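Student: just the structure for this:
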Amino acid sequence: MKRMNSEKKTYHHLIRGIILIGFMLLLLKLLLTNNITLFIAPKMNGFIYVTLFIFLLVGVLLIFRGTSEENAHYDCDCQGEHYYPTSKIKSLFLYSIFIIPITTGLLFADHVLGSSVAKNRTLKLGADTQDLVNIHPAKKNGESSDQGRPDSTTSSSSAGMPEPLTQTEYTSLTSNLILSPSINVTDDTYVPMVNIIQENLEKMVGKTITIKGFIYREKNFFQDQIVIARYGITCCVADASVYGIMAKGKVASLPNDKWIQVTGTIDQTIFDGASIPIINIQDYKMIPIPKQPYVYDAGERIE
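Tutor: Next up is the predicted model:
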């Protein structure tokens, strides 16, 4: 490496080090509050721990370099040169791009996805089958729940990914739901249960179901129709899509995005040319946003 003279102030190193430490503190805050699950699936947490350590290490090195009394720095001998911003205005603009999101992330509450985002995502009314109604063009994503889960499978905590079901466990869960007079859709097996209800819709008609989610409406819905919706995440919120079951009842006055727990009976209806489940609402109650508003599709495990 060749030594090159530079009269540039080392505050660039100092600021960049502080920015990296800021990102590290933001990630640490999200991990400590468990709000990291509002942005990524729990299976990605290992990468966050590695990133946190790298940001801390490189940030400290840059701060030491920025506060060093040494007046020279070294070129990496690669083709071309690395330039710092040539004016304070350019420096302010460049570093503001990083400082603003760090500041807002540290100071303000984290946002939960709602109806405004759902309008631009895939809405899955039922299961991932050929009869599934995909209202918006987008990717598939998952959710999770835990009613009638086979005892042989260990369910995860609300902060973790559900364990994938084997084919045997999926078959057992299907049998349990078909034989049970009532269904309670919970988070750890949300996606498999919604799939099973769709796949065996004729056998599910008349059963009592309890499900919770946020209220969402399509433009062409009648006043008494809503979707009890949940965001399903595979890796992060960027690939989130909306799973849910349509419901009808005296819900015209209920605003979008409010969280609700609905109990009713399963029926079937035709929507956009496909047969889908619909809940005839018998009772409902408004509930607070759960600590983990999203659900995850863990898929199936090969035996």
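Student: every contact and neighbour count from this point should use C-alpha atoms.
Tutor: Noted.
Student: which of the helices or strands spans the closest residue to Thr67 other than its chain neighbours?
Tutor: Spatial nearest neighbour of Thr67, chain neighbours left out: Leu14 (6.9 Å); criterion: Cα to Cα, 6 or more residues apart in numbering. Using DSSP states H and E, Leu14 sits within helix 11-33.
Student: Ser116 now?
Tutor: helix 115-118.
Student: where does pLDDT dip in this protein?
Tutor: Applying pLDDT under 70 to the chain flags the ranges 1-9, 69-82, 109-110, 118-122, 124-162, 298-303.
Student: where do the strands sit along it?
Tutor: With DSSP state E as the criterion, the chain has strands at 3-4, 73-74, 123-125, 133-134, 165-166, 182-184, 208-216, 225-233, 241-248, 259-271, 274-286, 295-296, 300-301.
Student: which stretch among the ones you listed comes nearest Leu52?
Tutor: strand 225-233 (22.4 Å; Cα to Cα).
Student: so what are the sheet partners of the closest one and their directions?
Tutor: Strand 225-233 has the following strand partners under DSSP bridges: strand 208-216 (antiparallel), strand 241-248 (antiparallel), strand 295-296 (parallel).
Student: in TSV: the ones you listed, plus mean neighbour count and distance to Thr234.
Tutor: Shown next, in TSV, are the strands paired with strand 225-233 (neighbours: other Cα atoms under 10 Å; distance: least, Cα to Cα, whole Å):
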stretch	mean neighbour count	distance to Thr234
strand 208-216	23	18
strand 241-248	26	9
strand 295-296	29	6
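Student: dump the ones you listed into CSV; add distance to Ser87 as well.
Tutor: CSV is the format used below for those (distance: least, Cα to Cα, whole Å):
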stretch, distance to Ser87
strand 208-216, 49
strand 241-248, 44
strand 295-296, 47
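Student: what is the burial count for Glu169?
Tutor: Neighbourhood size, Glu169 [other Cα atoms under 10 Å]: 18.
Student: how many neighbours does the nearest residue to His12 once chain neighbours are set aside have?
Tutor: What sits nearest to His12 in space, not counting adjacent residues and going by Cα to Cα, 6+ apart, is Gly66, at 7.2 Å. Residues lying near Gly66 (other Cα under 10 Å) number 19.
Student: what's near enough to touch Gly66?
Tutor: Contact partners of Gly66, counting by Cα atoms under 8 Å, 6 or more residues apart in numbering, are Thr10, Tyr11, His12, His13, Leu14.
Student: quick check: Leu28 vs Val295, distance?
Tutor: To Val295, Leu28 is 23 Å away according to Cα to Cα, to the nearest Å.
Student: the residue nearest to Val251 when sequence neighbours are not counted: neighbouring residues, count only.
Tutor: Take Val251 and drop its neighbours on the chain: the residue closest to it by Cα to Cα, 6+ apart is Asp224, 5.5 Å away. A count of nearby residues for Asp224, using other Cα under 10 Å, gives 13.
Student: I'd assumed Ser253 was in contact with Asp224.
Tutor: No - if you go by Cα atoms under 8 Å, Asp224 and Ser253 don't touch, sitting 9.1 Å apart.
Student: neighbours around Lys285, how many?
Tutor: 10.
Student: for Ile48, see how far away it is.
Tutor: Relative to Ile48, and taking Cα to Cα, Lys285 is found at 37 Å.
Student: residues in contact with Thr210?
Tutor: Contacts of Thr210 (Cα under 8 Å, 6+ apart): Ile183, Asn184, Val185, Gln261, Val262, Thr263, Gly264.
Student: how about these in CSV, adding neighbour count?
Tutor: What follows is those, written out as CSV (neighbours: other Cα atoms under 10 Å):
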residue, neighbour count
Ile183, 22
Asn184, 18
Val185, 21
Gln261, 17
Val262, 21
Thr263, 22
Gly264, 22
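Student: tell me the contacts of the residue nearest to Val251?
Tutor: Applying Cα under 8 Å, 6+ apart to Asp224 gives the contacts Lys248, Gly249, Lys250, Val251, Ala252.
Student: the helices in the stretch 101-250 of the chain, which residues?
Tutor: Remark: helices assigned in the stretch 101-250 of the chain by DSSP state H, counting those that start in this stretch are 115-118, 167-179, 190-199, 201-204.
Student: can you say which of the ones you listed is packed in most?
Tutor: helix 190-199 (a mean of 24; mean count of other Cα atoms under 10 Å).
Student: what helices or strands is that one leaning on?
Tutor: helix 167-179, strand 274-286 (3 or more Cα pairs under 8 Å, 6 or more residues apart in numbering; DSSP states H and E).
Student: could you export those as CSV, including distance to Ser116?
Tutor: As requested, the helices and strands packed on helix 190-199 are arranged in CSV below (distance: least, Cα to Cα, whole Å):
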stretch, distance to Ser116
helix 167-179, 33
strand 274-286, 20
